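Chemist: sequence plus the predicted model coming up.
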Amino acid sequence: MQKWILAFIVLFVVSFQTRSTAQSPSISYKVVNKISLPGETGWDYLSMESSTGRLFVSRGTMVQVVDVNNGKLLGTIPNTPGVHGIALAEDLGKGYISDGADSSVTVFDLKTLNTLTKISVTGRDPDAILYDPYTQRVFTCNGRAANSTVIDAQTDKVIGTIPLTGSPEFSATDGNGKIYVNIESKSEIDEINPKEMKVLNVWPLSPGEGPSGLAIDSKNHILFSVCHNKLMVVMDANSGKIKATLPIDARVDGAAYDPELMRVYSSNGAGTLTIVQEANPDSFMVAQNLETQVSARTVALDSKTHHLYLSAAEFNPPPPATPDNPHPRPTIKPGSFVVLEVAPMK
């Protein structure tokens, strides 16, 4: 009897493992291209306009606009000091750039790339920036003020300020009346009602620490927060309940979600891209850790082609420390700035 039971258990385990392996997706991504762009300035976020194939790349004091189909530089949006992010309001034909150095937002025409106006925000150092199509409003994450400036994208006027629970990093919208903000200083997420301009709930991300990039599966109401302690925290966007945690690499800054493939991506400045497959709303697995390039910490997704784009560069050794500059930063090697293009292999 005991032998029969043992044989049954072994058969069940082998059968379960076989079914699990068969259901696991065969996923393989590869760096397929490097787009070289001029300049030795730093960078932060990228934004993809999938409808036109244009990629907007932040570059210190300007935004470079690239045609990803041929790698050509289409134009430059100047005078964006300390640029962090670019939000695209395609339904209104405008774009919004967060200028951290002078605490402003540059508004530009999506068709001509010409600057339309500059808006002073109600906090210091606007970092990530988000356009919410549900309200047709723009929301800045003011890193040194722990608040968010709200701009009416139809009039380009500031209409309010939302006090946040700490220093914000990145944000995401579900497109249906909710916005979520990573609070880096508190390791939590603020849930916002964008119409009423107020925080509804505050949810801890523990065991995640120092959240940076944030992506969302709007259909299944799932948030993916990538944290500096090398964890991706998967959260229920309705309740704030932690659904799962997954390992990622160091120096993460960006995240993206592909709703068609149900995959989430973590861009790690240590030189990898972590690819996570959402098998269903309750099952997640690391499918691949792709080697990219050291410093490739931010990412943008082309939802049309499923390709991803990451900014990266090579650096010179840092200069010697001085009393006035005890922690000097290394400079970028001339001619080394590139945008990596990553594609799924069929």
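Modeler: Arrived safely. Numbers count the residues shown, from 1 in each chain.
Chemist: CA atoms for contacts and neighbours, from now on please.
Modeler: Fine.
Chemist: got the end-to-end distance for stretch 96-109?
Modeler: Using CA to CA, to the nearest Å, the end-to-end distance of stretch 96-109 comes out at 9 Å.
Chemist: cool, stretch 311-331 as well?
Modeler: Using CA to CA, one end of stretch 311-331 lies 15 Å from the other.
Chemist: could you pull out the helices in the chain for me?
Modeler: Ranges of helices in the chain, per DSSP state H, are 2-23.
Chemist: quick one: low-confidence ranges for it?
Modeler: Within the chain, the ranges that satisfy pLDDT under 70 run 1-25.
Chemist: residues contacting stretch 92-101, please?
Modeler: Residues from elsewhere that reach stretch 92-101, judged by CA atoms under 8 Å, 6 or more residues apart in numbering: 80-89, 104-111, 124-129, 138, 140, 153-154.
Chemist: actually stretch 184-200, not the one I wrote
Modeler: 135, 150, 160-169, 177-183, 201-206, 208-212.
Chemist: buried among these? Make that a ChimeraX selection.
Modeler: Of the contacts of stretch 184-200, the buried ones can be selected in ChimeraX as follows, counting by 16 or more other CA atoms under 10 Å:
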select :150,160,161,162,164,165,166,167,168,169,178,179,180,181,182,183,202,203,204,205,208,209,210,211,212
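Chemist: among the contacts of stretch 92-101, which lie within strands?
Modeler: Under the assignment DSSP state E, the contacts of stretch 92-101 contribute 83-89, 104-109, 126-129, 138, 140 to strands.
Chemist: still on that earlier bit, which among the contacts of stretch 92-101 count as buried?
Modeler: Buried, going by 16+ other CA under 10 Å: 80-89, 104-110, 124-129, 138, 140, 153, out of the contacts of stretch 92-101.
Chemist: isn't Val65 right up against Ile86?
Modeler: No. Counting by CA atoms under 8 Å, Ile86 is not a contact partner of Val65; they are 11.0 Å apart.
Chemist: anything in contact with each of those two?
Modeler: Phe56.
Chemist: okay, the spatially closest residue to Ser336 that is not a sequence neighbour and Asp258: tell me how far apart.
Modeler: Spatial nearest neighbour of Ser336, excluding adjacent residues (CA to CA, 6 or more residues apart in numbering): Ala313 at 5.2 Å. Distance from Ala313 to Asp258, counting by CA to CA: 26 Å.
Chemist: the more surrounded of the two?
Modeler: Under the criterion of other CA atoms under 10 Å, the comparison of Ala313 against Asp258 puts Ala313 first, with 23 against 20.
Chemist: that'll do, ta.
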